[in-house]
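S.K.: Sharing a sequence plus its predicted fold:
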Amino acid sequence: MSIILLDIGNVIVDVDFQRFCRSVARDRESGAARIFDRYCTSELKSRFDRGLVAPFDYLGLIAGDPDTQPMPLRDLKTAWQDIFSPKPEAGDAVRRLRENHALWIMSDTDPLHVTFLFNSCPELKQAEQYWLSFEHGWLKREREAFLELLAAAGRAAGEFILIDDREDNCSCAETCGIRTLLFKNWPETLDRLNYL
């Protein structure tokens, strides 16, 4: 039995950071684009995902940005969390994975998103372990994320299979000896899993 390292974003749920940016920006076009660049894809976001910035400090930075419309922090937090849409086929796929594999969640994410997802996505509660970047300080594009996981698990790399939608994460895992499946959709992923 292999251990599946299952990503969350764009694998179990679809992610739309633009929804957040448009909902909080003073200017729905140029302001939303600047907010996206500063808080959704930047080094600052990577620091947040590594647990190096506290959640309400992060929200405070967004609230203080001149491109953000004035709003209470609780509304900003709600908007930050309201970027996910469930993939309809994910629930059945996760159940099928668990029939023949141990399931661990491995995600580059922040505590605000995880809190929301654990309350709204029942598939996440079916995992046996959780390896979240904000708790461990490494992103999956960094070898240390996988090396630390292997050391903590006390298991061989060959026991794991990463299912992730990002090529850089898959490439990094492979340099550590972990097999990978680049996720495009659930039917293809489940079919390809039979050949690993």
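M.R.: Cool, the structure landed.

S.K.: Helix or strand: which one has Val53?
M.R.: Per DSSP states H and E: Val53 is located in neither a helix nor a strand.

S.K.: Need the CA coordinates for stretch 48-64. CSV is fine.
M.R.: Taking C-alpha atoms only, stretch 48-64 is exported to CSV below (Å, rounded to 0.1, in the frame of the first residue of the first chain):
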residue,chain,number,x,y,z
PHE,A,48,2.7,33.6,4.9
ASP,A,49,2.5,30.1,3.6
ARG,A,50,5.7,29.2,5.4
GLY,A,51,4.2,30.4,8.7
LEU,A,52,6.6,33.4,8.9
VAL,A,53,3.7,36.0,9.0
ALA,A,54,0.8,35.7,11.4
PRO,A,55,-2.7,35.6,9.9
PHE,A,56,-4.0,38.9,11.3
ASP,A,57,-0.7,40.6,10.5
TYR,A,58,-1.2,39.5,6.9
LEU,A,59,-4.7,40.7,6.8
GLY,A,60,-3.6,44.0,8.4
LEU,A,61,-1.1,44.5,5.5
ILE,A,62,-3.9,44.0,3.0
ALA,A,63,-6.3,46.2,4.9
GLY,A,64,-3.7,49.0,5.0
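
S.K.: buried stuff in that stretch?
M.R.: 48-51, 53, 55, 58-59, 62-63 (16 or more other Cβ atoms under 10 Å). C-beta: built from backbone N, CA, C; applies to glycine.

S.K.: Same question for stretch 35-45.
M.R.: 35-36, 38-40, 44-45.

S.K.: Then stretch 177-186?
M.R.: So stretch 177-186, judged by 16+ other Cβ under 10 Å, has buried residues 178-183, 186.

S.K.: How about stretch 12-22?
M.R.: Neighbour counts over stretch 12-22 (16+ other Cβ under 10 Å) mark 12-13, 15, 17, 20-22 as buried.

S.K.: end to end, how far does that stretch reach?
M.R.: One end of stretch 12-22 sits 23 Å from the other (Cα to Cα, to the nearest Å).

S.K.: pLDDT averaged over it, what's the number?
M.R.: For stretch 12-22, the mean per-residue pLDDT is 97.

S.K.: what does that stretch contact?
M.R.: Here stretch 12-22 makes contact (Cβ atoms under 8 Å, 6 or more residues apart in numbering) with 6, 9, 28, 32-33, 35-36, 40-41, 79-80, 82-87, 90, 94, 117, 121, 123-124.

S.K.: and the residues you listed, which are buried?
M.R.: Applying 16+ other Cβ under 10 Å to these, the neighbour count classes 6, 9, 32-33, 35-36, 40, 79-80, 83-84, 87, 90, 94, 117, 121, 123-124 as buried.

S.K.: Go through the buried residues of stretch 12-22 and say which is closest to Leu103.
M.R.: Taking Cβ to Cβ as the measure, Leu103 lies nearest Ile12 of the buried residues of stretch 12-22, at 10.9 Å.
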